[in-house]
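Enquirer: using only what follows, build the 3D model:
(chains A and B)
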Amino acid sequence: MPFSLTTWNINSVRLRIEAVARFLKEQAPDVLCLQETKCPDANFPHAAFKEAGYEHIALNGQKGYHGVAIVSRHPFANVDARDFCDKGDSRHVAVTLDGKFGGVEIHDFYVPAGGDEPDVKVNPKFAHKLDFVDEMGAWFQREPKAGGKAILVGDLNIAPLEHDVWSHKALLNVVSHTEVEVTKFSRAQKAGKWCDALRKFVPHDQKLYTWWSYRSPDWAGADKGRRLDHVWVSPPLADSVKTMRVHRDARGWERPSDHAPVTVELAL
DNA sequence: ATGCCCCATTAAATGGGA
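Expert: The predicted model follows:
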């Protein structure tokens, strides 16, 4: 049975609710995972999602910063959220689907950006990012359960491969592409036996981006992007991923997020 | 090789993004 899922760092769900509604109308994924909702749960724009057909909503939001949400056409059997690094911030929410896709686990992550300086001695935000990724790896030793069907998505804020950034050489010492981040990222991915669903479709020697800085006066022309958003699937789903698309056009909409939505289709 | 930016909060800066 076909199943589609989109991940999108929306950079304020309230500010961009019309863009979200347009996307859902045009693309109609089964599930949408958002990051950087910047919205307390009490203020989440439920009505717009319900009108669009997404009646099932799992939230882990907070005031002003961060925040994740999963909205779905299908019911949830379970909702969970984990407080990585015990900081009380909203960077993870998970659901287990019920109904015709029953048993499939979906994890939505917003990994810390890590600040400017890639040095834990002077930059606590970078230390937090590295600790966060380490804790993900430790948790993936037991989660998801062996043999389980799981999908992990989100703004992981690390571009691991050489061609996940516009210039490997220029970004080697830039937070998101440093060696220590990439090493920890790969370790966490291996710990959960996660399969990189996006790179299944794009060879490693070809550029693949999901994010373009607001600071560029001509983001599309300069095309100095990074692949910060990811979709991983557990081993039982590795062969079920049928298509992948980065919706680059949405980066060019009026008052856009700096991240493009990314959609995968699976045969479940 | 960084960036001319953008968002939320709280009241014209500040913190955060990446």
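Enquirer: okay, now the unreliable bits of the stretch 101-250 of chain A?
Expert: Across the stretch 101-250 of chain A, nothing is flagged by pLDDT under 70.
Enquirer: let me see the backbone angles for A:Lys190.
Expert: phi -70, psi -40 (degrees, to the nearest 10).
Enquirer: what does the helix or strand A:Ala250 falls within contact?
Expert: Using DSSP states H and E, A:Ala250 falls within helix A:248-251. For helix A:248-251, the surrounding residues in contact (Cβ atoms under 8 Å, 6 or more residues apart in numbering) are A:Ala19, A:Phe23, A:Trp212, A:Trp219, A:Ala220, A:Pro256, A:Ser257, A:Asp258, A:His259, A:Ala260, A:Pro261. Every C-beta, even on glycine, is put in place using the N, C-alpha and C of the backbone.
Enquirer: please apply the same query to stretch A:93-104.
Expert: A:1, A:3, A:30-31, A:58-60, A:68-70, A:72, A:74-82, A:105-108, A:148-151, A:268.
Enquirer: quick one, longest strand in chain A?
Expert: strand A:2-9 (DSSP state E).
Enquirer: what strands line up against that strand, and which way round?
Expert: strand A:31-35 (parallel), strand A:262-267 (antiparallel) (DSSP bridges).
Enquirer: circling back to that earlier point, please see if the helix holding A:Ala250 touches DNA strand B.
Expert: No. Judged by Cβ under 7 Å from any atom of the strand, helix A:248-251 makes no contact with DNA strand B; its nearest approach is 11.7 Å.
Enquirer: helices along the stretch 101-250 of chain A, start to end?
Expert: Counting by DSSP state H, counting those that start in this stretch, the stretch 101-250 of chain A has helices at residues A:124-139, A:168-171, A:179-191, A:219-222, A:248-251.
Enquirer: I'd like the ones you listed as TSV, with distance to A:Val13 and mean neighbour count appended.
Expert: Formatted as TSV, the helices of the stretch 101-250 of chain A follow (distance: least, Cβ to Cβ, whole Å; neighbours: other Cβ atoms under 10 Å):
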stretch	distance to A:Val13	mean neighbour count
helix A:124-139	22	19
helix A:168-171	29	12
helix A:179-191	26	17
helix A:219-222	22	12
helix A:248-251	14	17
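Enquirer: picking up where we left off before, including distance to DNA strand B and secondary structure, could the contacts of helix A:248-251 go into TSV?
Expert: Output for the contacts of helix A:248-251, formatted as TSV (distance: Cβ to the nearest atom of the strand, whole Å; DSSP: H, G, I helix; E, B strand; the rest coil):
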residue	distance to DNA strand B	secondary structure
A:Ala19	10	helix
A:Phe23	16	helix
A:Trp212	9	strand
A:Trp219	8	helix
A:Ala220	12	helix
A:Pro256	8	coil
A:Ser257	8	coil
A:Asp258	6	coil
A:His259	6	strand
A:Ala260	12	coil
A:Pro261	14	coil
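Enquirer: out of those residues, which is nearest to A:Pro45?
Expert: Nearest to A:Pro45, judged by Cβ to Cβ, of those is A:Ala19 at 12.1 Å.
Enquirer: contacts only, for the closest one.
Expert: A:Ile10, A:Ala250, A:Trp253, A:Arg255, A:Pro256, A:Ser257.
Enquirer: re earlier: put together JSON lines for the helices of the stretch 101-250 of chain A, with distance to A:Ser90 on each row.
Expert: Below are the helices of the stretch 101-250 of chain A laid out as JSON lines (distance: least, Cβ to Cβ, whole Å):
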{"stretch": "helix A:124-139", "distance to A:Ser90": "13"}
{"stretch": "helix A:168-171", "distance to A:Ser90": "28"}
{"stretch": "helix A:179-191", "distance to A:Ser90": "20"}
{"stretch": "helix A:219-222", "distance to A:Ser90": "28"}
{"stretch": "helix A:248-251", "distance to A:Ser90": "23"}
